[in-house]
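Predicted coordinates and the sequence they were generated for:
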Amino acid sequence: MNLLENEQNQRSLEAYRSTTSAERLAELAQSECIETRAAVAYNPSTPIAILETLANDSSLEVLTSLAEKPNTPSPILEQLASHPDPELRAALATNPQLSSHTLEQLARDPILAIRIAVANHKNTPSLTLKRLSVDSSSQVRQAAFQKLKPRTSKGKKKKR
């Protein structure tokens, strides 16, 4: 490993640390190294203003870090849901904090794997699952039905 690679690795490790100061994270977010910017994006301590800047990054690796990060703010997740890259949207569809609005948006995605992920997501509203239960894909229909089944069973038990 040469000196430059070692320095980049050290910066990336620093960017991952939750103890790194906001000022330092702002500096690291400007790095030419994609891995460093992606680490800043995934850091749970990164201030929202920096995340908003990184949401416009040209690197899919940086955007994927934001999409997968559990505490990325909803407006950024909504922005990423309309990104043209299907792999980014697929990563986003697994984020545990997605809003019902973002899940509804992803439920209309033309990519099968994304609709399946939405059908399997713990936060997908029943109304969205009902719509997915009549999807053109049997895999999506089955996943939606499996998620709806316990919800409708709970509703029936409460009525008794």
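On my side now, so go ahead.

Can you read off the pLDDT for Ala91?
Here the pLDDT value assigned to Ala91 is 97.

Quick check: it touching Ala67?
Yes: with contact defined as CB atoms under 8 Å, Ala91 counts as touching Ala67 (4.6 Å). For glycine as for every other residue, the C-beta is placed from the backbone atoms N, C-alpha and C.

Have a look at the two and say which one is more surrounded.
Ala67 (27 against 20; other CB atoms under 10 Å).

On the three-state scheme, that one is what?
helix (DSSP: H, G, I helix; E, B strand; the rest coil).

got it, and the one 4 residues further on?
For Asn71, the secondary-structure state derived from three-state DSSP is coil.

Show the backbone phi and psi for it.
Note on Asn71: its backbone torsions stand at phi -110, psi 30 [degrees, to the nearest 10].

Spit out the contact partners of it.
Counting by CB atoms under 8 Å, 6 or more residues apart in numbering, Asn71 touches Pro44, Gln97.

now swap in the one 3 residues further on and tell me
For Ser74, the set of contacting residues under the criterion of CB under 8 Å, 6+ apart consists of Gln97, Ser99, Thr102.

The first one touches Ile76, doesn't it?
Yep, that's Gln97 we're talking about. No: using CB under 8 Å, Gln97 is not in contact with Ile76; the gap is 10.9 Å.

In terms of neighbours, single out the busier of the two.
With neighbours defined as other CB under 10 Å, Gln97 and Ile76 compare such that Ile76 has more, 20 against 13.

Skip the chain neighbours and tell me the closest residue to that one.
Ala55 (4.7 Å; CB to CB, 6 or more residues apart in numbering).

residues contacting the one you found?
Neighbours of Ala55 in contact, by CB under 8 Å, 6+ apart: Leu63, Leu66, Ile76, Gln79, Leu80.

so the first one touches Leu80, yeah?
Yes: assessed by CB under 8 Å, Leu63 is found in contact with Leu80 at 6.3 Å.
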